[in-house]
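J.: I'd like to go over a predicted model; first the sequence, then the structure.
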Amino acid sequence: MPCLDAPSNEKFTEIYNFHINIIIRNTVVLTGARRVGKTTIEYQMIDTLIKRGVSPQQIVFISLDHPMLKLSG
C-alpha cells in the first residue's frame, strides 16, 4: 500500500513504505544527529497510521532524548 496521503517528504515516504510492508510485528528505530527531523517523521508516521485506521493503542512511541535518560560522564 503506497503512502499517498502522507506528507511529501522523501525520508518519511521511504520509512513509511518500509514499515507498512513489514509482515510481522517489528520495531523501527530512527537514529541520527540531533535536529534533523527524526521526531517529526515519527509524528507524521503516527498521524498517517491513525488516519488509515490503526488504533492508537497499537502504536508505541518512545523518545530517549530526555534529560533523565542521559548518562552523566
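T.: Thanks, I have the structure now.
J.: from here on, contacts and neighbour counts on C-alpha atoms
T.: Noted.
J.: Output the lengthiest helix in the chain as PDB, nothing but the C-alphas.
T.: In the chain, ranked by residue count with DSSP state H as the criterion, the top helix is helix 38-51. Listed next in PDB are the C-alpha coordinates belonging to helix 38-51 (Å, rounded to 0.1, in the frame of the first residue of the first chain):
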ATOM      1  CA  LYS A  38      13.600  12.100  13.300                       C
ATOM      2  CA  THR A  39      10.800  13.100  15.700                       C
ATOM      3  CA  THR A  40       8.900  14.900  13.000                       C
ATOM      4  CA  ILE A  41       9.000  11.800  10.800                       C
ATOM      5  CA  GLU A  42       7.700   9.700  13.700                       C
ATOM      6  CA  TYR A  43       4.800  12.100  14.400                       C
ATOM      7  CA  GLN A  44       3.900  12.100  10.700                       C
ATOM      8  CA  MET A  45       4.000   8.300  10.700                       C
ATOM      9  CA  ILE A  46       1.700   8.100  13.800                       C
ATOM     10  CA  ASP A  47      -0.700  10.600  12.300                       C
ATOM     11  CA  THR A  48      -0.800   8.700   9.000                       C
ATOM     12  CA  LEU A  49      -1.300   5.400  10.700                       C
ATOM     13  CA  ILE A  50      -4.200   6.700  12.700                       C
ATOM     14  CA  LYS A  51      -5.800   8.300   9.600                       C
END
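J.: same for it, what does it pack against?
T.: The elements that helix 38-51 packs onto, with contact taken as 3 or more C-alpha pairs under 8 Å, 6 or more residues apart in numbering; DSSP states H and E, are helix 10-20.
J.: residues of the helix it packs on that come out buried?
T.: 12-13, 15-16 (16 or more other C-alpha atoms under 10 Å).
J.: now that helix against helix 38-51, angle please.
T.: 50 degrees (axes from the mean of the first three to the mean of the last three C-alpha atoms, to 10 degrees).
J.: elements contacting helix 10-20?
T.: Using 3+ C-alpha pairs under 8 Å, 6+ apart, helix 10-20 sits against helix 38-51.
J.: Which positions in the helix it packs on come out as buried?
T.: 38, 41-42, 44-46, 48-49.
J.: Let me know the closest of these to residue 59.
T.: residue 46 (7.3 Å; C-alpha to C-alpha).
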